[in-house]
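# Sharing a sequence plus its predicted fold:
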Amino acid sequence: MLSLINQNLQAPLNDPITGFLNRTDCFDAVAQLASRATSERPLSIVWIALDRIKQINESFGHQGGDVVIFQIASRLRNKSGTDALWFRMAGDEFVCLSPVGNSELAHQFASTLLNEIQAPLPLNNLLLHPSASLGVAILETDETPSACLERADRAMNSAKRAGGGRVESSSPEAIPGRWGVHLAHHELQIENQLHLAIGQGGLCLHYQPCVDNEGRISSVEALMRCTSHPLSPNEFIPIAEKTGLIIRLGEWSLLEGARFAKRLAASGQHTTVSINVSRAQFSAQNFPQTLHAALLCADVNPGLIELELTESLFMDNSSTVQTNLRATLDAGIKIAIDDFGTGYSCLATLKDISAGKIKIDRAFVVALPHDRRALSVVRSIARLGEDLGMLVVAEGVESQDQVDSLLDAGVHIIQGYIHARPMPEESLLAWLMNRKNT
Amino acid sequence: MTPPYSTVESQLESSLYKIGIPPRPAILDRIHAEMQKDEPDFKQLSDIISADVALSASLISITNSPYFGLRGHVHSTREAMMVLGLNITSKAIAGIAMRHAFPQSPHLERFWDASARIARLSGWLAQRITKLSADDAYTFGLFRDCGIPILLSHFPEYTGILKEANHDAARSFTDIEDIVLPTNHAVVGYVLAQNWWLSDETILSIRHHHNADILSTPAIPPSMNSRQMIAIAQLAEHLLQQHSGLSITQEWVKLGSACLHLLRLAEDDIKKLLAEAIPVIEAEN
């Protein structure tokens, strides 16, 4: 089909360096395809932008740049076979149309092209390592080829923004994510952004202080934030949990949080740092090994670390979870039960848990001070904690009225905007210093 | 002897540096930030790198090493960055900075030299016999055993454990560590590499690099690239030991056949590869 279009193009003026068709030809070819039924036109579009051609031109002159482009174009043509149609869209941008209707195959095809581009290329006695950003789009039912071309362009730009040297696929439908889990389109976008953020080191921890009923800082909770992409934790944490990425993020934050505890201690603040550990991470057999590895890398006193585990984990009788609970306590690390009150705690089991802290779920706190039933629950949890020798924390506290009713109900520690929002390390250090001085 | 590493050292948080913890250096964050821009400013980046004489000397030397380019042709940081590209530059700098993030200790010199030799030969082998990128194989070679100095600094008995693991031709290296320690060097290296934001494939390769089951079973994860990366570094170590005539470890006895299978090589190919690799092995970096 594509070869037919090639013949139909009016006296194609091939680009002298690459031998490819030009930009106008590309739009013509796409317009011709629009007149055919979708089922007859499986089509994938790969939009390629070479990275660093400008710098190559600067260093080796335009002739050098042309040699590079010529060689890369030859490699691409040889690799792509006769079914593919090639166009040079701009100095350093090419488009390839090929009759591939399967998104996985199209992605594979684009990855092969990237490998070809990245093979070392000799120039003036040097071996250059060219690279490129590639965007792939598959023509969808009811989609116009020009819309598909636009998607390939956008995907290429996204690959470029991610640092280049990669293939980005654009897809409007739910397709398996990188970890094989089926995700809706917007979830897939979040997953991709999360992968990019991880690749670029675009995550950091913010810290929120917890203040006890005598005004002392009892601990700070480490909370994950994305700095490289506009993703809120409410968006990316559920996707990370769904895809399994949460284990990677959790392992990273374990060391990052432990390092912060060490820095705090070195600055004279022997404050506990609470780190959230997901169910998936804590249920892994090798959790104790990673925990010890993080402690060694951070070289921190384990007594300064607290792990926040969700309520439901404590009810898990699997031998791995129980072994991991023991290993955590044996390592000298404290344990807190997070989001308490909304899970399925069996009070009989609670007596056997060696957690030192209960954190009341914010759902009860937001209803205070007016909701009497919520207050009764809070009061009961506080009494239970007291009797079991656990500290009781209320999180999500925003007003003084809430603080008053919580302290009155027997809660020991307050965490929330009323004291401070989660903040970057430097701001927290300044906040702590400021508080010390006043 | 490596010159003093003043700028990178000052970029490391000083309190951490004193107690010997290797955090990710700020210069990598600056390179990554620049890479995210549509038009990365090469001049600014090369100025940052050039400001540190030792860092830029190491970068130029890596660029001129046999597997990245032709020896002796690059003379400035800017040229090195041009030849390598930003991605590879940042990986090369991660490798250089990693070694210097650890406290300089005379008895670790040989360890780091061995890692650097494995890394260089891995880079060359990656290009010679696989489609893996040379810089990924190089980075993996450098980071593969970075858990060892951390364990050495925490457990006095680790020297003995290392000796035992190196001489054991039957049990897995990490199994021997696991008997005595709460963790092993592969997991420590893995956790550290995550903190440096190395690629997923490199991180998983570090975690599983002594795992014969992973190498011989096409399980996912880790990916084929990860497994090949492990095999390349093992082969590099084996070739280096063949060349020197010293068999310091028993890893090839345990993992060699799986590595050859992964790399689609026959036992006979090793001699030929060694002959070709000699200039790379003997090249002074």
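Now that the structure is in, tell me what you want to look at. Remember, predicted model here, so these are calculated numbers, not experimental data.
# Find the helix or strand that B:W112 is a member of.
Using DSSP states H and E, B:W112 sits in helix B:106-129.
# I would like the residues contacting the next helix or strand after that helix, please.
Going down the chain from helix B:106-129, the next helix or strand is helix B:134-143, by DSSP H and E. Here helix B:134-143 makes contact (CB atoms under 8 Å, 6 or more residues apart in numbering or on different chains) with B:67-68, B:84, B:87-88, B:91-92, B:94-95, B:98-99, B:115-116, B:118-127, B:130, B:189, B:192-193, B:196, B:198-199, B:201-202, B:205-206, B:225, B:229-230, B:232-233, B:236. Bear in mind the C-beta positions are built from the backbone N, C-alpha and C, glycine included.
# Next SSE downstream of helix B:134-143?
That would be, after helix B:134-143 and using DSSP H and E, helix B:147-154.
# host element of A:C148?
Using DSSP H and E, the element containing A:C148 is helix A:145-161.
# Next one: that helix, is it in contact with chain B?
Yes: against chain B, helix A:145-161 shows contacts by CB under 8 Å from any CB of the partner chain at A:160-161.
# tell me the domain ranges of the chain?
Went with chain A since none was named. A:2-169, A:189-437 (automatic domain parsing).
# To clarify, I was referring to chain B.
B:22-101, B:105-285.
# Let's have the ones you listed in a markdown table, adding mean neighbour count and mean pLDDT.
Formatted as a markdown table, the domains of chain B follow (neighbours: other CB atoms under 10 Å in any protein chain shown; pLDDT from 0 to 100):
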| stretch | mean neighbour count | mean pLDDT |
| --- | --- | --- |
| domain B:22-101 | 20 | 75 |
| domain B:105-285 | 19 | 88 |
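# Give me the distance between the residue nearest to the spatial centre of chain B and B:T202.
Residue closest to the mean C-alpha point of chain B, counted by CA atoms, centre = their mean, is B:L142 at 1.4 Å. As for B:L142, its distance to B:T202 is 10 Å (criterion: CB to CB, to the nearest Å).
# next one: A:T310
Counting by CB to CB - A:T310 and B:T202 are separated by 31 Å.
# Which secondary structure state does A:V392 sit in?
Under DSSP: H, G, I helix; E, B strand; the rest coil, A:V392 falls in the strand class.
# what's the neighbour count on the residue nearest to it when sequence neighbours are not counted?
Nearest residue to A:V392 in three dimensions, chain neighbours excluded: A:G385, at 3.9 Å (CB to CB, 6 or more residues apart in numbering or on different chains). Neighbour count of A:G385, defined by other CB atoms under 10 Å in any protein chain shown: 24.
# can you list the residues of the stretch 101-250 of chain A near chain B?
A:115, A:118, A:120, A:125-131, A:160-165, A:198-201, A:228, A:248.
# Next up, identify which helix or strand residue 253 is on.
Looking at chain A here, since you left the chain open. Following DSSP H and E, the helix or strand that holds A:S253 is helix A:245-266.
# that's the other chain; I wanted chain B
Counting by DSSP H and E, B:V253 is part of helix B:251-262.
# so how far is that helix off the chain centroid?
The chain centre lies 19 Å from the centre of helix B:251-262; the measure is CA atoms, centre = their mean, to the nearest Å.
# Show me what that helix is packed up against.
helix B:212-216, helix B:224-244 (3 or more CB pairs under 8 Å, 6 or more residues apart in numbering or on different chains; DSSP states H and E).
# neighbouring contacts of the next helix-or-strand element following it?
Per DSSP H and E, the first helix or strand lying C-terminal to helix B:251-262 is helix B:269-282. Residues outside helix B:269-282 that contact it (CB under 8 Å, 6+ apart) are B:66-67, B:117, B:120-121, B:124-125, B:128-129, B:235, B:238-240, B:242-243, B:260, B:265.
# that older thread, from the contacts of helix B:134-143, list the ones also adjacent to chain A.
B:68, B:84, B:87-88, B:127, B:192, B:199.
# farthest-separated two in the residues you listed?
Within these, B:Q127 and B:L192 form the most distant pair, 26.7 Å apart (CB to CB).
# okay if I get the helices and strands packed on helix B:251-262 as TSV plus distance to A:S103?
Shown next, in TSV, are the helices and strands packed on helix B:251-262 (distance: least, CB to CB, whole Å):
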stretch	distance to A:S103
helix B:212-216	29
helix B:224-244	20
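# Out of these, which is closest to A:V365?
Here helix B:224-244 is closest among the helices and strands packed on helix B:251-262 (CB to CB), at 45.0 Å.
# okay, the closest one in CSV with CA atoms only?
Taking C-alpha atoms only, helix B:224-244 is exported to CSV below (Å, rounded to 0.1, in the frame of the first residue of the first chain):
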residue,chain,number,x,y,z
MET,B,224,17.7,-10.0,28.8
ASN,B,225,19.8,-6.8,28.8
SER,B,226,20.3,-7.1,32.5
ARG,B,227,21.4,-10.7,32.3
GLN,B,228,23.7,-10.0,29.4
MET,B,229,25.2,-7.1,31.3
ILE,B,230,26.0,-9.5,34.2
ALA,B,231,27.4,-12.1,31.7
ILE,B,232,29.6,-9.4,30.0
ALA,B,233,31.2,-8.3,33.3
GLN,B,234,31.7,-11.9,34.4
LEU,B,235,33.4,-12.6,31.1
ALA,B,236,35.5,-9.5,31.5
GLU,B,237,36.6,-10.6,34.9
HIS,B,238,37.4,-14.1,33.6
LEU,B,239,39.5,-12.7,30.7
LEU,B,240,41.4,-10.5,33.0
GLN,B,241,42.2,-13.4,35.3
GLN,B,242,43.2,-15.5,32.2
HIS,B,243,45.5,-12.7,31.1
SER,B,244,47.1,-12.3,34.5
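# Tell me which residues touch A:T290, please.
Residues near A:T290 by CB under 8 Å, 6+ apart: A:251, A:254, A:284, B:183, B:187, B:190-191.
# Which ones among the residues you listed lie within helices?
A:251, A:254, B:187, B:190-191 (DSSP state H).
# For the ones next to chain A among the contacts of helix B:134-143, give me TSV that also has secondary structure.
Output for these, formatted as TSV (three-state DSSP):
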residue	secondary structure
B:F68	coil
B:L84	helix
B:N87	helix
B:I88	helix
B:Q127	helix
B:L192	helix
B:S199	coil
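# If you count neighbours, what's buried in the longest helix anywhere in chain A?
Ordering each helix of chain A by length in residues (DSSP H) puts helix A:53-80 first. Under the neighbour-count criterion of 16 or more other CB atoms under 10 Å in any protein chain shown, helix A:53-80 has A:53, A:55-60, A:64-69, A:71-73, A:75-77, A:80 buried.
# need the contact list for B:D268.
Under the criterion of CB under 8 Å, 6+ apart, B:D268 has no neighbours.
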